[in-house]
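> model this:
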Amino acid sequence: MTLYLDSSAILKLIVKEAESAALSKYIKSSVITSAISRVEVIRTLSRNNQALVTPAAQVLAKFEFLPVSQAVLSIAESFVQSSLRSLDAIQVASVIFLSPKNNTLITYDKNMAKEARLLGIKVESLVNSQKLLLLILRNAKLLTPPGRLELRSRCSA
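Numbering: from 1, shown residues only. Predicted coordinates:
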């Protein structure tokens, strides 16, 4: 499974927020993002906290960047019934280009998460260590998702 982080997730690795620790713990292997994430992250920090631009470059250096190819742009253009903004559409299109079934999009953008799920993409927004533990257990097939367990217990009674 490949982790794809959008710029909202990358920013949480640079600017310490409530979700930052859980996200940092979850990332154990290489991660990928679109080349536009670098621009989004640096521009956001340049406007809001210039002191973090240099540390951001160090964090960004750990990422693999997917070029914004014609194929990615064509996928992004095909989202005609979507409420995705332009750059968000490129982020989602990048995940689809990479194969949505083998990738997890980590984003804290609620609209992007909603639209990506509608397109069949697995989406995570790690909030705290408890949610992180549940996610790890589910991915390892050690925990049944909520709802299924209740259904089984009702059927066996």
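
> tell me which helix or strand of the protein sits lowest on mean pLDDT?
Using mean pLDDT, DSSP states H and E, the weakest-scoring helix or strand in the chain turns out to be helix 148-156, at a mean of 39.

> same question for stretch 25-39, mean pLDDT?
Averaged across stretch 25-39, pLDDT comes to 90.

> can you give me the offset of it from its chain's centre?
Relative to the chain's own centre, stretch 25-39 is displaced by 8 Å; criterion: Cα atoms, centre = their mean, to the nearest Å.

> Span of that stretch from start to end?
End-to-end distance for stretch 25-39, by Cα to Cα, to the nearest Å: 25 Å.

> What segments of the protein are strands?
Here the chain has its strands, by DSSP state E, at 2-5, 31-34, 64-66, 103-106, 122-124.

> okay if I get those as TSV plus distance to T54?
(C-beta placed from N, C-alpha, C; glycine too.) Converted to TSV, the strands of the chain look like this (distance: least, Cβ to Cβ, whole Å):
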stretch	distance to T54
strand 2-5	20
strand 31-34	19
strand 64-66	19
strand 103-106	24
strand 122-124	28
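
> And those strands: which comes nearest A89?
Closest approach to A89 among the strands of the chain (Cβ to Cβ): strand 31-34, 10.7 Å.

> Cheers, nothing more for now.
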